[in-house]
Every structure is written in C-alpha cells, then in structure tokens.
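> sequence first, then the predicted structure:
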Amino acid sequence: MRREHRKLRTGCKQCKRRRVKCDEAKPTCANCIRNRLKCNFEFLTPSLPRLRHKEAREVVPPSSERVLLSSSPFQDLNLQSTSLDLHSMELLHHYTSITCFTFGDDKRKWLWQKEIPQMAMTHDFLMHGLLAISALHLSTLQPHRKEELTRRATLSEHLGLPSFRDFVSHNNPHNIHAVVAFAGFVVPYVCGSLETLTGRIPSLDDDHPHWFFAFRGLLQMIGKSWIVLRTGPFGSLLHRPTFRPDNVENPDDVHLARVYQLLEPSSHYPEEDIAVLEVCKAALDELRRLFACPHEPMRTRVMIAIHVWPGTVSPSFIEIMQERRPEALVILAHYCVLLKKVDSCWWLAGVGNRMLAAIYQALEQDWRPWIEWPLLHPLY
C-alpha cells in the first residue's frame, strides 16, 4: 500500500515561491542561506519598521558612557557601568520598580526584578528587549506619552533583534539564559505593540508576526535547551508537576468535552478527513489537560497554560488551522477562554476577544453555536 503524502504548508515564503522543500531551520532555512535570500521564516523575531538613523541614535547613543549606580533601587542589582542614556534609565527604573512585577508570581519576583536585569548588563540585546517591554508597559500607564513610548519600544526592539538572531543561530549554551529571557519578552511585545493585528487567525503566511507563533517558538526553544535551563535562573519555572490533572475538578470541562461531538466521523468520511479529526482530538486533549491544571492543589497557573498549548499542538494541527478548518477554529476559540481569564494582564488585554471575533467571522453560520461558550465567557 502506497503511503499517502501530505503537502506541508509551513515552509518559508521564499521556498514556496521557488517550489522547493524547506527544511524550516531557524532563523534562516538552508535554501535561503545557500541562495543568499532574506528568509521570512524567522524564529521569534518579529519584523519591525525601518528606522531613521537619527531616531535609533536617540535611544542608545553611539558613545559608551560609564554610569555609576550606587543608590536605590539599583544598588542591589550590582549594576556598575552601562551606556544607557537618561531616557533608557527611566525605562530601566520603571522595569525594576513596576513592570517586573507583572510577570510571574511573588515567589519568583527575584527572577524578573534582579536576575534578568543582571543578565541584561552583560547582554546588550537583552537590555534592549527589557527597555522595549518597559516602554510598552509605561505607555499603557501614561496614555499622553503613548506615541513617544511606543516609538521607543520599537526602536529598542529593533536594536536588540540582530544580536538575538545571531545568538539563536549559534545556539551557545553559555548565552541560552539571556536568549530565552529576550524571547520571553518578545511574546508580550508582539501582543502589546501590534494591538490592531492581534485579532487574526494564526497563519505562517502573514507578513506580520503573530503572537501564537511567538508562544510556540518560545516553548520550542525552551524544550531544546531544557537541561541547561533547569540549572539556571529559569529552573524554578521549569518544574514539571508529578500529578495528573483531573478533569472532574475543572468546572469548565463540560464545555470542552462537548467539542468531541464535532470530532466523531460518520461512516461516509474519507480517510483524509478522519486523520484531520484525530489531529484535532489530540489538540483538544491537551487543551483539556491544561484547563484542568489550574484547579489542582499544585496547579499550573493559567498564564503558563496559555504559553504551553500553542507549543504542544502538532504541526498537522497548525496546517489544519491555517486551512481554516472549522473543527480547528472551534478548538482555537476554546483556547481563547484561557486568554479571557487573564485579560486583566496589560499585554493580553483584549487579545482573546479580538481572536474570537476573527474566528466568528471565519466560521459559517452553522458552526457559530459551537463557540457560544467562549464568546459569552466573562473577562477576568
């Protein structure tokens, strides 16, 4: 019996145009390296607008300036010297005094307030990423400065990306902690800075980065360097619970279990459609597991669940989702309930609702009742 071959649609645009097989290597596939093409299949690296040289110089001056930081709140960070200007100092102060507490919980606040800023002092690209996320957060607190601070966030991210990409391509274990820290900032940066673009169904063919693939890329990066990361500052975040989540304890599970009715094939279903349903079942199984985790005594927090699911679904599910198969979109809509549970988080505000609106528009009328629960679920 001849094995059925399914055409993959997850390669880079350059390989698709040339109709050659893409190895999907990050940050640039082998074909693009060989042919000296600019590959769009970049790993956790959002595209940013071109910037005038004058603007780029405004955030980080070309000359290095030694700054002694011996007073609170920086004295316990062991900061000795840096090339930060006064605008960047404002953003660093805001990060260490306010923004850092919006990530993680009280038990790990030291990671975001001390460990990551310390790493940033020896990794310029991480400092740029830290300043970008701080500027973005400050823009939500000072609306009258939104345009200025959003521009600064873009500039800082732009300055950090080239070195970040270079470190990703070299895969040096000595730098992996700083690389993962920057990648962790990319996710809120994409969600928070591209507000008008977050209401899109994920597609690798988009010209702009999608937060779903930022989540996915971060988890894949962590998975590849798991052993090294466990021995560093992120070790406490990577603890795997030994218990098995119990769906019975999850009050939301009745709504998730109902979706299985959509995934039961009828007698006349072709083999290809049956395979699609099996892929969707696996994605729904994982989503149910993650929904149940927050209800366990040693629970996985909702925020972690939000990060995990995009990275654990199979490449086949990604392909089905890109094809706008209604079964996959219904499951994606139920994932949005997790986003709505943390809508109070400054960089996730409105992301779940905007995604649901896009899914609603993509579904035909007969399919829309299947996403009624996600649509009606309250914001937390």
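Nice, I can see it.
> rest of the way, CA atoms for contacts and neighbours
Fine.
> in this protein, what helix or strand scores lowest on average pLDDT?
helix 53-59 (a mean of 40; mean pLDDT, DSSP states H and E).
> and after that helix, which helix or strand comes next?
Sequence-wise, the next helix or strand downstream of helix 53-59 (DSSP states H and E) is helix 86-97.
> now that next one: average pLDDT?
In this model, helix 86-97 has a mean pLDDT of 94.
> after it, which helix or strand is next? Please name it.
Next along from helix 86-97, by DSSP H and E: helix 109-110.
> can you get me the centre-to-centre distance for that next one and its chain?
21 Å (CA atoms, centre = their mean, to the nearest Å).
> give me the residues contacting it.
The set of residues external to helix 109-110 that reach it, using CA atoms under 8 Å, 6 or more residues apart in numbering, is 100, 101, 103.
> filter the residues you listed to the buried ones?
100, 101 (16 or more other CA atoms under 10 Å).
> tell me the mean pLDDT for stretch 150-160?
Here the average pLDDT along stretch 150-160 is 93.
> use 5 as the first number from now on
Right, with 5 as the first residue, what we last looked at is stretch 154-164.
> buried stuff in it?
154, 155, 156, 157, 158, 159, 160, 161, 162, 163, 164.
> now, the most widely separated pair of those residues?
Pairwise distances across the buried residues of stretch 154-164 (CA to CA) peak at 15.6 Å, for the pair 154 and 164.
> name the nearest of the contacts of helix 113-114 relative to residue 311.
For these, the nearest to residue 311 is residue 107 (12.8 Å; CA to CA).
> avg pLDDT for stretch 361-371?
96.
> now do it: distance to the chain's middle.
The mean C-alpha position of stretch 361-371 is separated from the chain mean by 24 Å, CA atoms, centre = their mean.
> distance between the ends of it?
14 Å (CA to CA, to the nearest Å).
> can you check stretch 95-114 too?
OK, stretch 95-114 end separation, CA to CA: 18 Å.
> buried set for it?
95, 96, 97, 98, 99, 100, 103, 104, 105, 108.
> now the strands for this structure?
Under the criterion DSSP state E, the chain contains no strands.
> distance of the spatially most central residue of it relative to residue 232?
Note on the chain: the residue nearest the mean C-alpha position is residue 219, at 2.7 Å, using CA atoms, centre = their mean. Counting by CA to CA, the gap from residue 219 to residue 232 is 20 Å.
> pLDDT wise, what is the residue nearest to residue 25 when sequence neighbours are not counted at?
Nearest residue to residue 25, sequence neighbours excluded (CA to CA, 6 or more residues apart in numbering): residue 19, at 6.5 Å. At residue 19, the model reports a pLDDT of 79.
> pretty sure residue 19 contacts residue 35?
Yes. Between residue 19 and residue 35 there is a contact at 7.3 Å, judged by CA atoms under 8 Å.
> which residues do these two both contact?
With CA under 8 Å, 6+ apart, residue 19 and residue 35 have common neighbours residue 26.
> what pLDDT, on average, does stretch 376-384 get?
Per-residue scores along stretch 376-384 average to 94.
> could you export it as CSV, CA atoms only?
Provided in CSV are the C-alpha atoms of stretch 376-384 (Å, rounded to 0.1, in the frame of the first residue of the first chain):
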residue,chain,number,x,y,z
GLU,A,376,-21.1,30.3,22.1
TRP,A,377,-19.4,29.5,25.4
PRO,A,378,-16.1,31.1,24.6
LEU,A,379,-17.9,34.2,23.3
LEU,A,380,-20.0,34.6,26.4
HIS,A,381,-17.3,33.7,28.9
PRO,A,382,-16.6,36.7,31.1
LEU,A,383,-13.3,38.6,31.2
TYR,A,384,-11.1,38.3,34.3
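> buried sites along it?
378, 379, 383.
> and the contacts of that stretch?
With CA under 8 Å, 6+ apart, stretch 376-384 has contacts from 259, 337, 338, 340, 341, 344, 345, 346, 347, 348, 357, 360.
> what's residue 280 in contact with, if anything?
Taking CA under 8 Å, 6+ apart, one finds residue 324 in contact with residue 280.
> so it versus residue 306, what's the distance?
28 Å.
> same question, residue 93
33 Å.
> which of those two has more neighbours?
Counted by other CA atoms under 10 Å, residue 93 and residue 306 do not tie: residue 306 has more neighbours, with 19 against 13.
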